[in-house]
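In: sequence and predicted structure are below.
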Amino acid sequence: MSEIKLATAYRVDIIESEAGWGQKIDETLYFDSEQEAKDYVKDYNDKYNKQTSVPGWYMRADYVGQVQ
């Protein structure tokens, strides 16, 4: 019997938030390294979330962590 090895991946969720409607996971992304996932989250949020106040609708990236 052969051994099966599961690959490790790092998960990032893209969250949609809308005032009065709440939040939902819009998309889930997987990366090969923790650093790549964290860099994506920082770059995404720096690019799309520059407001000084919370808008009525927005998207954000959240680092979830390691998954197998």
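Out: On my side now, so go ahead. For clarity, every value in this text was computed on a predicted model and none was experimentally measured.

In: only C-alpha atoms from now on, for both contacts and neighbour counts.
Out: Will do.

In: can you verify Lys42 is assigned to a helix?
Out: Yes: per DSSP: H, G, I helix; E, B strand; the rest coil, Lys42 lies within a helix segment.

In: what's the pLDDT at it?
Out: Note on Lys42: pLDDT of 98.

In: the helices in the chain, which residues?
Out: 34-48 (DSSP state H).

In: what ranges of it fall below the confidence cut-off?
Out: Within the chain, the stretches with pLDDT under 70 are 1.

In: show me where it has strands.
Out: For the chain, the strands defined by DSSP state E cover 9-18, 22-31, 57-67.

In: pick the most deeply packed of those strands.
Out: Across those, averaging neighbours per residue (mean count of other C-alpha atoms under 10 Å) puts strand 9-18 on top, at a mean of 18.

In: re earlier: how about the strands of the chain, which one is nearest Tyr44?
Out: Taking C-alpha to C-alpha, strand 57-67 is the member of those nearest to Tyr44, at 6.5 Å.

In: packing partners of that closest one?
Out: Judged by 3 or more C-alpha pairs under 8 Å, 6 or more residues apart in numbering; DSSP states H and E, strand 57-67 is in contact with strand 9-18, helix 34-48.

In: got the angle between it and helix 34-48?
Out: Orientation check (axes from the mean of the first three to the mean of the last three C-alpha atoms, to 10 degrees): strand 57-67 against helix 34-48 gives 180 degrees.

In: mind listing the strands strand 57-67 pairs with, and their directions?
Out: Strand 57-67 has its sheet partners listed here by DSSP bridges as strand 9-18 (antiparallel).
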